[in-house]
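J.: Fold the following, please.
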Amino acid sequence: MRPDKAKVVDEVWDEPRIDSFLDKAPMGDEHAEFSVLLNAYRSMRASDFARFIDKFKARGGNVNATDRQGRTLAALIADHDKSAPFREILEQQ
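T.: You can find the predicted model right below:
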């Protein structure tokens, strides 16, 4: 973490905040659904990500959406040190 950036703990992830991630614009030229998933993964704790995934799926979202290289989010994060809880959430869908 940058030395000038304060660490944030105990963030509030209420329903409106989680819902706001459902309509995020795609990052760059990534596929929209994959971009939404990646943005949520990068921003949320695993427990909040699980709540997000339920809402994402209820809106017809595909948890197996792929990036431009054909990778799912689960495949992309497979080698991330702290991604196990997120992969479990994705694999349970």
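
J.: end-to-end on stretch 52-64?
T.: Stretch 52-64 has its terminal residues 15 Å apart, counting by CA to CA, to the nearest Å.

J.: If we go by neighbour counts, what in it is buried?
T.: Going by neighbour count (16 or more other CB atoms under 10 Å), the buried part of stretch 52-64 is 52, 53, 56, 61, 63. Every C-beta, even on glycine, is put in place using the N, C-alpha and C of the backbone.

J.: The last one contacts residue 57, correct?
T.: Spelled out, that is residue 63. Yes - counting by CB atoms under 8 Å, residue 63 does reach residue 57; the two are 6.6 Å apart.

J.: Quickly list what's touching both of the two.
T.: Residues within reach of residue 63 and of residue 57 at once, by CB atoms under 8 Å, 6 or more residues apart in numbering, are residue 93.

J.: what number of residues lie near residue 23?
T.: 8 (other CB atoms under 10 Å).

J.: tell me the contacts of it?
T.: Here residue 23 is in contact with no residue (CB under 8 Å, 6+ apart).

J.: List phi and psi for it.
T.: Here is the backbone geometry of residue 23 (degrees, to the nearest 10): phi -110, psi 20.

J.: same thing with residue 72?
T.: Given degrees, to the nearest 10, the pair of backbone angles that residue 72 has is phi -80, psi 170.

J.: Give me the secondary structure label for the residue lying closest to it once chain neighbours are set aside.
T.: Spatial nearest neighbour of residue 72, excluding adjacent residues (CB to CB, 6 or more residues apart in numbering): residue 64 at 5.1 Å. State at residue 64, reduced to three classes by DSSP: H, G, I helix; E, B strand; the rest coil: coil.

J.: Out of the buried residues of stretch 52-64, flag the one nearest to residue 85.
T.: Of all these, residue 85 sits closest to residue 53, with 11.8 Å by CB to CB.

J.: can you confirm that closest one is in a strand?
T.: No - Residue 53: not assigned to a strand; according to three-state DSSP it is helix.
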